[in-house]
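**Student:** Sequence plus the predicted model coming up.
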Amino acid sequence: MYQSPRRLCSALLQRDAPGLRRPPGPPPRRRSPAPAAAPRLASPRLLAVASAARGVARSCSRTACPMGSGTSRLYSALTKTLDGSSASQHPEYLVAPDPEHLEPIDPKELLEECRAVLHTRPPRFQRGFVDLRADGPSSSHTPIRVMQWNILAQALGEGKDNFVQCPLEALKWEERKCLILEEILAYQPDILCLQEVDHYFDTFHPLLSRLGYQGTFFPKPWSPCLDVEHNNGPDGCALFFLQNRFKLVNSANIRLTAMTLKTNQVAIAQTLECKESSRQFCIAVTHLKARTGWERFRSAQGCDLLQNLQSITQGAKIPLIVCGDFNAEPTEEVYRHFASSSLNLNSAYKLLSADGQSEPPYTTWKIRTSGECRHTLDYIWYSKHALSVRSALDLLTEEQIGPNRLPSFNYPSDHLSLVCDFSFKEELDGHLY
Ligand SMILES: NC(=O)C1=CN([C@@H]2O[C@H](COP(=O)(O)OP(=O)(O)OC[C@H]3O[C@@H](n4cnc5c(N)ncnc54)[C@H](OP(=O)(O)O)[C@@H]3O)[C@@H](O)[C@H]2O)C=CC1
Ligand SMILES: [Mg+2]
């Protein structure tokens with residue numbers, strides 16, 4: 001059922017992807033009108049996106065698909081309906097596009113397309129998985145691979161972040177998106193937890209749907225992307241899972257509070273059932289407030305998230321995985337709240353250290369006008385009583401990252417992706433975790 005390259009090419013020639021047309025109505029906030037889109041030649045890198053959009057549009061025309069037919073209507077529908085001050089259920093927004101009407105993409109073909117687009121760039125960094133299996137019983141079922149990644153919002157990278165050692169050319173979206181997709185396709189996660197996503201509707205949702213993922217996006221209420229000229233809409237968190245591996249049990253879009261006040265930060269928490277083992281677990285993604293001076297604010301946001309997760313997991317009865325850019329070093333209060341929570345969480349990347357007690361030296365490394373910033377801010381937390389980490393993807397070395405740090409021509413974000421394989425622990429004492 002995969003499309004041959006010829007079919008993909010002919011899809012590309014129909015340049016006007018109906019799924020990407022804006023319906024009448026106000027466009028997303030911009031400081032000045034966007035320039036008319038330049039006509040594009042039929043190049044392989046566009047074909048999958050264009051044809052993905054067609055696939056989604058077709059599916060939406062036949063089902064009650066929440067993806068609608070244009071980005072501005074989608075944003076307004078999402079912000080109007082999903083903007084709550086606490087966890088809320090929105091099952092009507094979780095209707096998966098009918099896979100029958102989506103044209104699947106062969107991941108290998110997409111990877112080849114990405115590589116063709118990136119042929120002038122240096123090769124991808126090689127990273128290996130570290131085997132972390134400890135003695136003790138763990139499930140014989142296929143492990144669950146989870147990827148956590150702040151992919152760097154296009155508008156922030158080009159317009160706000162001030163990565164002084166990264167040439168603007170390295171940030172060109174048409175190529176950078178291929179670097180992001182290449183990283184996803186290389187590790188083939190079952191679950192993908194992303195932050196700073198400002199190309200959900202036109203890129204990640206259509207493409208990942210065709211690769212078999214079901215996606216949910218929750219934009220920040222006041223995304224700083226909207227201050228950038230020619231932005232592509234707000235950035236936010238996105239959560240994708242493979243539909244052939246999991247069934248969605250319930251989903252909550254959470255606008256985080258700090259000291260009872262609504263904040264600009266969000267989370268998505270979903271309970272999934274593993275089709276192979278029939279076991280349920282909860283997966284959450286978040287991006288906490290950035291910058292120094294906001295430590296207490298982050299701590300309060302973390303407490304709010306933990307409280308929501310307590311309720312969603314019925315007090316740790318349902319195993320939990322929480323991925324996020326916490327914008328907090330392990331020395332911060334919010335980290336301590338997570339480490340000591342009654343949800344009984346451990347941070348997976350600590351297991352890469354010799355004693356299993358230390359976080360990696362960095363998960364983000366960049367050079368701004370203010371100087372070099374090397375920090376550990378990104379984490380994958382998991383229920384240590386119910387899940388075990390079988391392996392984790394090693395981080396990039398300082399030599400691989402290079403003197404100009406990140407992002408760069410060969411790595412698309414200032415944050416590294418974290419990838420772990422999880423197994424359920426065997427049932428103990430008759431308890432089903
Ligand atoms: N119109 C309105 O009423 C309101 C508008 N806003 C808008 O939202 C913005 C703030 O949003 P908020 O969510 O609190 O933002 P945050 O402070 O959390 O940061 C937003 C982004 O900026 C990046 N960032 C972190 N440090 C720096 C730095 N030193 N220089 C450049 N970028 C950095 C972060 O990336 P990373 O996480 O990777 O470090 C993050 O993605 C305001 O600037 C404003 O534009 C906010 C509230 C109300
Ligand atoms: Mg950022």
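**Tutor:** That came in fine, so what should we check first? Ligands and ions are numbered 1, 2, ... in the order given.

**Student:** isn't Pro104 right up against Leu211?
**Tutor:** Yes - when contacts are counted by CB atoms under 8 Å, Pro104 is listed as touching Leu211 (7.5 Å). C-beta: built from backbone N, CA, C; applies to glycine.

**Student:** Give me the more crowded residue out of those two.
**Tutor:** Set Pro104 next to Leu211 and count neighbours by other CB atoms under 10 Å: Leu211 wins out with 20 against 14.

**Student:** Got phi/psi on the more buried one?
**Tutor:** phi -90, psi 0 (degrees, to the nearest 10).

**Student:** ok, it - contacts?
**Tutor:** 104-105, 107, 110 (CB atoms under 8 Å, 6 or more residues apart in numbering).

**Student:** Packing partners of the helix or strand Ala269 falls within?
**Tutor:** Assessed by DSSP states H and E, Ala269 sits inside strand 261-274. Secondary-structure packing of strand 261-274 (3 or more CB pairs under 8 Å, 6 or more residues apart in numbering; DSSP states H and E): strand 213-219, strand 236-242, strand 246-258, strand 280-287, helix 295-312.

**Student:** Could you list the buried residues of it?
**Tutor:** 263, 265-272, 274 (16 or more other CB atoms under 10 Å).

**Student:** between those, which is nearest ligand 1?
**Tutor:** Ligand 1 lies nearest to Gln265 out of the buried residues of strand 261-274, by CB to the nearest ligand atom, at 6.1 Å.

**Student:** burial count for the closest residue to the closest one other than its chain neighbours?
**Tutor:** Distances taken as CB to CB, 6 or more residues apart in numbering place Leu256 nearest to Gln265, at 4.6 Å, with adjacent residues excluded. Counted with other CB under 10 Å, residues neighbouring Leu256 total 26.

**Student:** Let's see the strand holding Ala269 as PDB, backbone CA atoms only.
**Tutor:** Extracted C-alpha coordinates of strand 261-274, given in PDB (Å, rounded to 0.1, in the frame of the first residue of the first chain):
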ATOM      1  CA  LEU A 261      -2.900  31.900  38.400                       C
ATOM      2  CA  LYS A 262      -3.200  30.700  34.800                       C
ATOM      3  CA  THR A 263       0.200  30.700  33.100                       C
ATOM      4  CA  ASN A 264       1.400  30.600  29.500                       C
ATOM      5  CA  GLN A 265       2.700  27.000  29.800                       C
ATOM      6  CA  VAL A 266       0.900  23.900  28.900                       C
ATOM      7  CA  ALA A 267       0.900  20.100  29.200                       C
ATOM      8  CA  ILE A 268      -0.800  17.200  27.500                       C
ATOM      9  CA  ALA A 269      -1.500  14.000  29.400                       C
ATOM     10  CA  GLN A 270      -2.900  10.900  27.800                       C
ATOM     11  CA  THR A 271      -3.800   7.400  29.100                       C
ATOM     12  CA  LEU A 272      -2.900   4.800  26.500                       C
ATOM     13  CA  GLU A 273      -3.500   1.100  26.400                       C
ATOM     14  CA  CYS A 274      -0.900  -1.100  24.900                       C
END
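
**Student:** Flag every residue of this protein that's near ligand 1.
**Tutor:** Within the chain, the positions lying close to ligand 1 (CB under 6 Å from any ligand atom) are 150, 156, 160-162, 196, 220, 222, 224, 227, 264, 289-291, 325, 327, 368.

**Student:** what about 8 Å?
**Tutor:** Counting by CB under 8 Å from any ligand atom, the chain comes close to ligand 1 at 150, 152-153, 156, 160-162, 195-196, 220-224, 226-227, 235, 263-265, 287-291, 294, 325, 327, 364, 368, 370, 373, 377, 414-415.

**Student:** Out of those residues, which end up buried?
**Tutor:** Buried among the residues of the chain next to ligand 1 by 16+ other CB under 10 Å: 150, 152-153, 156, 161, 195-196, 220, 223-224, 226, 235, 263, 265, 287-289, 294, 325, 327, 364, 377, 414-415.

**Student:** In a markdown table: the helices and strands packed on strand 261-274, plus mean pLDDT and distance to His119.
**Tutor:** Shown next, in a markdown table, are the helices and strands packed on strand 261-274 (pLDDT from 0 to 100; distance: least, CB to CB, whole Å):
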| stretch | mean pLDDT | distance to His119 |
| --- | --- | --- |
| strand 213-219 | 98 | 27 |
| strand 236-242 | 99 | 27 |
| strand 246-258 | 98 | 35 |
| strand 280-287 | 99 | 33 |
| helix 295-312 | 98 | 41 |
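
**Student:** Which one, of those, ends up nearest to Phe424?
**Tutor:** When those are compared by CB to CB, strand 280-287 sits nearest Phe424, at 7.9 Å.
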